[in-house]
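[1] Starting from these lines, generate the structure:
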Amino acid sequence: MGIADNLKTIGKKIPQNVKLIAVSKTKPVEIIQEAYDFGHRIFGENKPQELRDKQAIMPKDIEWHFIGHLQTNKVKYIAPFVSLIHGVDSLKVLNEINKQAIRNDRVIDCLIQIDIAHEETKFGLLEDQARELLNSDEFRSMKNVRICGLMGIGSITNDLNKTRGEFKELKTTFLKLKEEFFLKEDSFSEVSMGMSSDYSLAIEEGSTMVRIGSSIFGERDYLK
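    Numbers count the residues shown, from 1 in each chain. This next block holds a predicted model:
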């Protein structure tokens, strides 16, 4: 099946209230254009310079999401246009996003990444660390970032019960932080979890955004 057929198939499985982020990292613009021509408008990338270069030549109505681990010295590449940064995992990174947002005269939407898999290879904050960040005076002084929810990456496992438990943990953490910090903020509404292998499970557990790459574009070229 082609990209359009893949998008059509996945679209039938995803409720209207769940956003599909087509993970286009490592894919050339010609392939992304196929998804765009089908009508898709939300794409996810994980390398700032690659995202900057694609944004410069792709149609301007695309909503670009940054879904990788973001280093402070790379924020400047995506700050002028990025729609949502999924993986904020430190106050240092958030502070740099705020600085770059000020320079670009905009407010940048962000998700806090929560460590639900507890694997050394994955980034993210524990619940108490996220609470500490949100309680900090430094965060409270930031006027050019808006926290819109949480993001998490499940374990690489065939144990669906383990994956479901991790997704439940993320949704529970979201509800706790919503109650404590964002009760009156309608914008704090997103739970980004679920990828090609487990997005149906994630939706069952309350995901509002799924990040799907290989099921749309085919397997990634890991050599890039």
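
[2] so residue 85, which of the three states?
    strand (DSSP: H, G, I helix; E, B strand; the rest coil).

[3] Test my guess that it contacts residue 112.
    No. Between residue 85 and residue 112 there is no contact under CB atoms under 8 Å: 10.0 Å. (Each C-beta comes from the backbone N, C-alpha and C, glycine too.)

[4] from the chain's centre, how far out does stretch 146-157 sit?
    7 Å (CA atoms, centre = their mean, to the nearest Å).

[5] What ranges does this structure have for its helices?
    Counting by DSSP state H, one finds helices in the chain at the ranges 3-13, 29-38, 48-57, 75-78, 91-103, 127-135, 137-140, 160-181, 199-204, 214-217.

[6] Including distance to residue 65, could the ones you listed go into a markdown table?
    A markdown table is the format used below for the helices of the chain (distance: least, CB to CB, whole Å):
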| stretch | distance to residue 65 |
| --- | --- |
| helix 3-13 | 16 |
| helix 29-38 | 13 |
| helix 48-57 | 9 |
| helix 75-78 | 10 |
| helix 91-103 | 14 |
| helix 127-135 | 20 |
| helix 137-140 | 22 |
| helix 160-181 | 17 |
| helix 199-204 | 15 |
| helix 214-217 | 14 |
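
[7] From residue 182, how far out is the residue nearest the centre of the chain?
    Closest to where the C-alpha atoms of the chain average out (CA atoms, centre = their mean) is residue 86, at 3.2 Å. From residue 86 across to residue 182, the span is 17 Å (CB to CB, to the nearest Å).

[8] what's the answer for residue 175, then?
    Taken as CB to CB, the span from residue 175 to residue 182 is 10 Å.

[9] Show me which of those two is the more surrounded one.
    Using other CB atoms under 10 Å, the more surrounded residue of residue 175 and residue 182 is residue 182, with 17 against 12.

[10] neighbours around the residue lying closest to the more buried one once chain neighbours are set aside, how many?
    Leaving aside its sequence neighbours, residue 182 sits nearest to residue 188 (CB to CB, 6 or more residues apart in numbering; 3.5 Å). Around residue 188 there are 18 other residues, counting by other CB under 10 Å.

[11] do the same with residue 61
    Neighbour number of residue 61 under other CB under 10 Å is 7.

[12] pretty sure it is in contact with residue 41, am I right?
    Yes. When contacts are counted by CB under 8 Å, residue 61 is listed as touching residue 41 (6.3 Å).

[13] quick one: residue 107 and residue 142 touch, right?
    No. Assessed by CB under 8 Å, residue 107 is found out of contact with residue 142, at 9.8 Å.
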